[in-house]
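> could you work out the structure for the sequence below:
(2 chains)
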There are 2 protein chains.
Amino acid sequence: MEKLSKIGSYELLAEPFHCDFSHHLFMGHLGNHLLNAADFHSNDRGYGMTFLNPIHRTWVLSRLAIEMNEMPEAYDRFTVDTWVDAVMRYFTSRNFRISKGSKTIGYGRSIWAMIDTDTRQPVDILNIRNGLITQYVDTDTPCPIEKSSRVKMTETASLVQSIATHYSDVDMNGHINSVKYIEHVLNLWPLEWYRHHFLKRFEIAYVAESHCGDTLNLYQEETGEGEFCVRITKRSNATAEETEVVRSKVKFIKE
Amino acid sequence: MEKLSKIGSYELLAEPFHCDFSHHLFMGHLGNHLLNAADFHSNDRGYGMTFLNPIHRTWVLSRLAIEMNEMPEAYDRFTVDTWVDAVMRYFTSRNFRISKGSKTIGYGRSIWAMIDTDTRQPVDILNIRNGLITQYVDTDTPCPIEKSSRVKMTETASLVQSIATHYSDVDMNGHINSVKYIEHVLNLWPLEWYRHHFLKRFEIAYVAESHCGDTLNLYQEETGEGEFCVRITKRSNATAEETEVVRSKVKFIKE
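Below you'll find the predicted structure:
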């Protein structure tokens, strides 16, 4: 395999049906583009899903943080650059830069684990192809946004929505799609809110998997000016048990 | 403007997060690709949204029918060809062919109206740029699937789901996104159903617009073997009135 550069670069279009009422790309669709970029980047370099799946391994997204100065508008062409900036035994850190022409409009940070698809247990990333991924670590390119924080919530967070999950929510792994959670979180604010608030930063931590038929409960707490934490739990149909699946932190700026 | 061919051809990728648990592209995402193809095709030929919006006109999708022999699988590259096969004063008919390599895997048919964005009234399509669109009508290329039928439902159709609409459901026109209705309809069947049924044909007629905050009521009726009709009504927050917004017909084949 020809040695590719450490940074993968992907040209994208803000598709009209992926834009909100204000003609800006939905954060969920941007998140989807970042996840695709990660997928393409790792596949092209030999440590992606197409190599991993036959050997019963898969990447699992653990955390994602996106911070934007502006959102692409409908029909805008934009670029997502992505690179791995750190590899540990059980986690990698991958960054993203989103740009429009020569202008950087935002950044992303993500944390990934690798698991055995049979046992669902973490596996040593450095054992894959003799640590091939370490050849592509780029610690020089800056990603000047804060790392994902530990989303702290108190017991006063209130249940604000319960959502049934359906066929369209489920991804190829049989789990609720990572991008759907982003939509669910951002649906907690009414359309009117978005007329006067810019979504500056979106953070999400994937704690556990949920499945089709689970009911998702969303708990919300205001933790600062324009800053909110959201916890999503699942209640399975089989048992009455409530388990945390997602934590998210959202920062809006009043416009 | 250079005269382009009558058929527009668009290369696409079945993105991993756009695929269902069986690793096949969701019908909603395929629908989105067809609508994009229609948009690109008409823009490139001078009668698309980029020309229409400044003169306060827009295309409105009235009907869409998609019939597939197989669905693209994750990471498949596939092609959507689209062409206008008929133009009348108030409606155009646009066809689609979906292919994978040299193999045709499905077709689509759609009906579009044009409206004045100020008055929301239909306008004469043939008045736009002296009927420019008529130069691109292709009546030779076959589209061997049935036209959209009039979806007939009886009063026995039962209310099977009520859905609240949120920020992520709303498109650039401020209406509930056409593609979201496809998801809502297909969510009426449990995941298990899709393990043993192939979605052969999906038809949808957009009767009226619904808005963020409206509650959507879905009524379902089995009208044949594997054939179902679905009516979606809206109940606005302001009035208690229930109005029909969508009719859909779905045909599954047992596998």
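> what's the helix or strand bottoming out on mean pLDDT in chain A packed up against?
Lowest on mean pLDDT, DSSP states H and E among the helices and strands of chain A sits helix A:49-52, with a mean of 92. Counting by 3 or more C-beta pairs under 8 Å, 6 or more residues apart in numbering or on different chains; DSSP states H and E, the packing neighbours recorded for helix A:49-52 are helix A:27-44, strand A:57-68. All C-beta atoms are positioned from the backbone trio N, CA, C, and that covers glycine.
> and the strands in the stretch 51-200 of chain A?
A:57-68, A:77-87, A:92-100, A:103-116, A:158-164, A:197-206 (DSSP state E, counting those that start in this stretch).
> and residue A:224, how many neighbours?
For residue A:224, the count of nearby residues is 9 (other C-beta atoms under 10 Å in any protein chain shown).
> what's near enough to touch residue A:10?
Residues in contact with residue A:10 (C-beta atoms under 8 Å, 6 or more residues apart in numbering or on different chains) are A:33, A:36-37, A:40, A:79-82.
> save these as JSON lines, and put in neighbour count, distance to chain B and pLDDT too.
As requested, those are exported to JSON lines (neighbours: other C-beta atoms under 10 Å in any protein chain shown; distance: C-beta to the nearest C-beta, whole Å; pLDDT from 0 to 100):
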{"residue": "A:33", "neighbour count": "25", "distance to chain B": "9", "pLDDT": "98"}
{"residue": "A:36", "neighbour count": "19", "distance to chain B": "6", "pLDDT": "97"}
{"residue": "A:37", "neighbour count": "22", "distance to chain B": "11", "pLDDT": "98"}
{"residue": "A:40", "neighbour count": "19", "distance to chain B": "10", "pLDDT": "96"}
{"residue": "A:79", "neighbour count": "18", "distance to chain B": "17", "pLDDT": "98"}
{"residue": "A:80", "neighbour count": "23", "distance to chain B": "13", "pLDDT": "98"}
{"residue": "A:81", "neighbour count": "18", "distance to chain B": "18", "pLDDT": "98"}
{"residue": "A:82", "neighbour count": "26", "distance to chain B": "15", "pLDDT": "98"}
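> what's the closest of these to residue A:122?
residue A:82 (22.4 Å; C-beta to C-beta).
> dump the residue contacts of that closest one.
A:7-8, A:10, A:34, A:37-38, A:41, A:94-97.
> and which of the residues you listed is nearest to residue A:20?
For those, the nearest to residue A:20 is residue A:34 (17.6 Å; C-beta to C-beta).
> any idea how far residue A:133 is from that closest one?
Computed as C-beta to C-beta, to the nearest Å, the residue A:34 to residue A:133 distance reads 18 Å.
> more neighbours: those two, which one.
residue A:34 (23 against 19).
> right, and the more buried one touches residue A:107 too?
No. Assessed by C-beta atoms under 8 Å, residue A:34 is found out of contact with residue A:107, at 10.2 Å.
> now for the two: what residues contact both?
A:66, A:96.
> what does the stretch 151-255 of chain A put close to chain B?
Listed as neighbours of chain B in the stretch 151-255 of chain A under the rule C-beta under 8 Å from any C-beta of the partner chain: A:166-168, A:170-172, A:174, A:177-179, A:183, A:186-187, A:189-191, A:193-194, A:212-213.
> what do you get if the cut-off is 10 Å, keeping everything else the same?
A:161, A:163-175, A:177-180, A:182-194, A:211-213 (C-beta under 10 Å from any C-beta of the partner chain).
> once you drop chain neighbours, what's closest to residue A:36?
Leaving aside its chain neighbours, residue A:36 sits nearest to residue B:15 (5.8 Å; criterion: C-beta to C-beta, 6 or more residues apart in numbering or on different chains).
> I misspoke; the intended subject was residue A:18.
Closest to residue A:18 by C-beta to C-beta, 6+ apart is residue A:29, at 4.0 Å.
> can you read off the pLDDT for the one you found?
Note for residue A:29: predicted pLDDT of 98.
> swap in residue A:2?
At residue A:2, pLDDT is 61.
> tell me the centre residue of chain A?
Centroid check for chain A by C-alpha atoms, centre = their mean gives residue A:64 as the closest residue, at 4.0 Å.
> what sits against that residue?
With contact taken as C-beta atoms under 10 Å, 6 or more residues apart in numbering or on different chains, residue A:64 is in contact with A:31, A:34-35, A:38, A:94, A:96, A:108-112, A:148, A:178-179, A:181-182, A:202-206, A:248.
> how long is stretch A:114-122 end to end?
6 Å (C-alpha to C-alpha, to the nearest Å).
> any idea how far residue A:239 lies from residue A:207?
18 Å.
> when those two are compared, which one has more neighbours?
Applying other C-beta under 10 Å to residue A:239 and residue A:207 shows that residue A:207 carries more neighbours, namely 17 against 8.
> and that one, what does it touch?
A:62-63, A:151, A:231-233, A:243-247.
> going by distance to residue B:255, which of those residues wins?
Taking those together and measuring to residue B:255 by C-beta to C-beta, the closest member is residue A:245, at 31.5 Å.
> run a quick neighbour tally on the closest one.
22.
> check residue A:112 too.
20.
> quick check, it in contact with residue A:57.
No. Look at residue A:112 against residue A:57 with C-beta atoms under 10 Å: they stay out of range, at 11.9 Å.
> shared neighbours of those two, which are they?
With C-beta under 10 Å, 6+ apart, residue A:112 and residue A:57 have common neighbours residue A:125.
> per-residue pLDDT, the residue nearest to residue A:36?
96.
> for it, give its distance to residue B:87.
33 Å.
> which one's more surrounded, those two?
residue B:87 (20 against 17).
> what's the domain layout of chain A?
Chain A resolves into domains spanning A:7-136, A:158-254 when parsed by the TED database.
> so which of those domains gets nearest residue B:123?
Closest among those, using C-beta to C-beta: domain A:7-136, at 20.6 Å.
> give me the distance between the two termini of that closest one.
Domain A:7-136: ends 8 Å apart by C-alpha to C-alpha.
> how far is that domain from where the chain is centred?
Averaging C-alpha positions (C-alpha atoms, centre = their mean, to the nearest Å) puts domain A:7-136 8 Å from its chain's average.
> repeat that for stretch A:162-180.
With C-alpha atoms, centre = their mean, you get 14 Å for stretch A:162-180.
> so how far does it reach from one end to the other?
14 Å.
> tell me which residues in that stretch are buried?
Applying a neighbour-count criterion of 16 or more other C-beta atoms under 10 Å in any protein chain shown, the buried positions in stretch A:162-180 are A:163, A:165-173, A:175-180.
> from those, which has minimum pLDDT?
residue A:173 (89).
> quick check on it: phi, psi?
phi -90, psi 0 (degrees, to the nearest 10).
> who's in contact with it?
Contacts of residue A:173 by C-beta under 10 Å, 6+ apart are A:58, A:60, A:117, A:209, A:211, B:16, B:21, B:23.
> buried subset of those?
Buried among those (16+ other C-beta under 10 Å): A:58, A:60, A:211, B:16, B:21, B:23.
> turn those residues into JSON lines, including distance to residue A:223.
Formatted as JSON lines, those follow (distance: C-beta to C-beta, whole Å):
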{"residue": "A:58", "distance to residue A:223": "33"}
{"residue": "A:60", "distance to residue A:223": "27"}
{"residue": "A:211", "distance to residue A:223": "29"}
{"residue": "B:16", "distance to residue A:223": "33"}
{"residue": "B:21", "distance to residue A:223": "35"}
{"residue": "B:23", "distance to residue A:223": "39"}
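> for residue B:75, state which of those is nearest.
residue B:16 (6.9 Å).
> tell me which residues touch that closest one, please.
A:32, A:35-36, A:39-40, A:49, A:171-173, B:23, B:74-75.
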